[in-house]
Each structure stands twice: as structure tokens, then as C-alpha cells.
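Visitor: no sequence for this one, just the structure:
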């Protein structure tokens, strides 16, 4: 029979569940895994399995004081760290959704939106196609393994018990929205520029030949040319994805600091 006191049992529970809250929050906010395609039960099993694998090698967890206010604050901090790491990747995937939205609006497909079952929102077809390609490339390049490595390293940078409120770079998280829109514009700029020239050309034609029905001629031509231009820009998609993903993964590791 094991002779364990209540405090020892309480400490053993804390050693497992405090890191578990950070890991579970990461699983619930990380792209790909946090989508509706993955049931919550599977996410919970992944969080438990990851916790069982990593808890034995983590630094010692401070002594807990039962169900006191400090314990609840410590749990909230672990969840905040997990959400911050997982949210950093959402910014990367939204770049492709916004870039696809810009291209679709320019080529006249802004109305062609479909329901995204993964996130439960409506998104244009072009943006959905870009997001699907980015997710497949992310998995192919083992980006999800790098995110798990970042989560494991967070326990070394910010061990359980260290206050996270002054360690998480909240301003960098907010400022990532600026980078998101900038990267989306850069990604969509070649296609948008080419389609803008086409629209300007139709505007000149409407002035030169007012009897020509530009709407009847220009709309299908712009849509067809937009699909062709989008297909042509796919040759540089891999290079853009590598730059964006490397920056996003680096950003995920920089939002936590040990200073």
C-alpha cells in the first residue's frame, strides 16, 4: 500500500494538470487541430497523451494551496500561454484567406462564397482554395511538429509558476494584424495588379465605344482571365508560403520571453 498524504496527492495532481491546461488550451486554439473536422474528444486525447509524454521531464511545479485564488490564477495563466501560442498560427492562415478575398473581389468572384465547415464561417471560393493549399503544405513541411516543439520549449522559457502577464508579448500579438494584412497584399498583388490593368482597359473601351456593352463582355472575360492569372501565380505560391510560414513559426517562439 502506498502511504501518501493529502498534500502529496494534491501535488501529484498539480504536477500533471497545470501543464495539461496549457497543452489543452494550445490544442483547442491551434489551427488544423482546433477546427470542427477534429472532434473535441480527439483533441482531449491528444492533450492527455502529450501531457503524459512531457510532464516527467518538466521543471518542478510549485506547491499548490488547494483550490485557492492563486491556484485559479495559475490555471488561467497556463491557458493564456497555450492560447497565445496557438493563436499565432491563425494569423498565418488568415493571410491566405484575405489574399484570396482580394483576388476574388478584383476578378468578380467576391459573391461566390461557400461555407467553411472547418471554421463555421463563409469564405470566398478563391480564399478557401488558398487556405486548403496552405494547410496541406504546412502538414507536408512538418509545421505541426514545429508547433509541438514550440509548445514543449515554452515550459523551459516560462515554467509553470512563473507569472505570464509580464512575459507574454501582447503588443506583438496585436501588431501581428498589421503583418497579416501586409503579407496578404503582397501575396495578392501580382494578380490584383494584372486584373486592375484589365479593368482600366475596359474603362477606356467604354469611353471610346459607348455603344459596346462592357458589362456583358467584361464580366465573363475578367472572370476567365482572373482564373488564368491565379493559375499562373501558383508557380510562386510555394516560395511565398515558405517565407510566411517561417516568419509565423518564428513569431510563435518570440511571443514568449524569459526577460
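Guide: Here it is on my side, so go on. Treat the numbers as computed from the prediction; the structure is a model and nothing was measured. Residues are numbered from 1 along each chain as shown.

Visitor: any idea where the strands of the stretch 101-250 of the chain begin and end?
Guide: Using DSSP state E, counting those that start in this stretch, the strands of the stretch 101-250 of the chain run over 113-116, 121-124.

Visitor: Among those, which one carries the weakest average confidence?
Guide: Per-stretch mean pLDDT for the strands of the stretch 101-250 of the chain is lowest at strand 113-116 (a mean of 61).

Visitor: Let me see the ranges of the helices in this protein.
Guide: Using DSSP state H, the helices of the chain run over residues 6-29, 40-54, 69-107, 125-140, 143-157, 170-208, 214-233, 237-254.

Visitor: what's around residue 180, how many residues?
Guide: Residue 180: 21 surrounding residues under other Cβ atoms under 10 Å. Glycine gets a C-beta too; all of them are placed from N, C-alpha and C.

Visitor: mind listing what it touches?
Guide: The contact partners of residue 180, taken as Cβ atoms under 8 Å, 6 or more residues apart in numbering, are 91, 94, 95, 98.

Visitor: How much space separates it from residue 200?
Guide: 28 Å (Cβ to Cβ, to the nearest Å).

Visitor: what residue ranges in the stretch 51-200 of the chain are flagged as low confidence?
Guide: Judged by pLDDT under 70, the stretch 51-200 of the chain has its weakly predicted residues at 60-67, 109-122, 162-170.

Visitor: at 80 what do you get?
Guide: 58-71, 88, 106-128, 143, 157-177, 199 (pLDDT under 80).

Visitor: Need the contact partners of stretch 230-241.
Guide: Applying Cβ under 8 Å, 6+ apart, the contact partners of stretch 230-241 are 103, 107, 126, 133, 134, 137, 186, 187, 190, 191.

Visitor: What is the end-to-end distance of it?
Guide: Using Cα to Cα, to the nearest Å, one end of stretch 230-241 lies 15 Å from the other.

Visitor: What residues sit buried inside that stretch?
Guide: 230, 233, 237, 240, 241 (16 or more other Cβ atoms under 10 Å).

Visitor: and what of stretch 134-154?
Guide: 134, 135, 138, 141, 143, 144, 146, 147, 148, 150, 151, 154.
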